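Novice: Kindly return the folded structure for what I paste below:
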Amino acid sequence: MRNARLVLVLLFVLVSIFNMPNAVFAENTINIKVVLSENNGENPIVYYFKLGSDTNYTLLELMQRKFIIEHDNGFITSIQDRAASNKDKTAWMYTINGEMAMVGAAEYQIKNGDEFHWDLRKW
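Specialist: This next block holds a predicted model:
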C-alpha cells in the first residue's frame with residue numbers, strides 16, 4: 001500500500017511538472033532576436049536565440065558566439081563573411097529594439113527580449 005501511494009505521488013509530481021505553463025520555464029532564459037539585412041532592410045534573415053538567464057554577454061560577445069564576425073575595437077566590420085567597405089562606403093549599422101544604437105556592440109549588455117537589426121548599408 002505504501003509503494004502504491006509513493007507511485008501516485010511521483011506520478012502527480014511528474015504530471016504537474018509537464019503541465020506547468022511555459023512562463024515558469026521562460027524565467028530561466030533570455031530570448032534574443034537578431035536580424036541581418038542589407039541596403040536598409042533588403043533580404044532579411046531572422047535568428048532567434050534562447051540563452052540561460054545567467055548569461056552576461058555584451059552584444060559583441062553574443063555576435064562572436066553565434067556568427068562569423070570581424071571587428072575593429074568593438075565595431076563590427078564583417079558578419080557572415082559580408083564585410084563593410086571604405087571603398088564602397090558601407091558599414092554595418094544596427095538598431096536595438098527599433099532604436100538606432102548609441103553605443104558600440106562591446107558596450108551594450110544584452111537583456112531578455114532584445115531585438116537587434118544589423119544592416120549593411122551605405123553611409
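Novice: gap between the two ends of stretch 67-80?
Specialist: Distance between the two ends of stretch 67-80: 6 Å, counting by CA to CA, to the nearest Å.
Novice: For it, buried residues please.
Specialist: Phe67, Ile69, His71, Ile76, Ser78, Ile79 (16 or more other CB atoms under 10 Å). All C-beta atoms are positioned from the backbone trio N, CA, C, and that covers glycine.
Novice: wait, what's in contact with the residue nearest the centre of the chain?
Specialist: For the chain, Ile32 is the residue whose C-alpha lies nearest the centre (CA atoms, centre = their mean; 3.1 Å). Contact analysis of Ile32 by CB atoms under 8 Å, 6 or more residues apart in numbering lists Tyr48, Phe49, Lys50, Leu51, Leu62, Ile110, Gly113, Asp114, Glu115, Phe116.
Novice: Tell me which two of the buried residues of stretch 67-80 sit farthest apart.
Specialist: Distance extremes for those: the farthest pair is Phe67 and His71 at 11.0 Å, using CB to CB.
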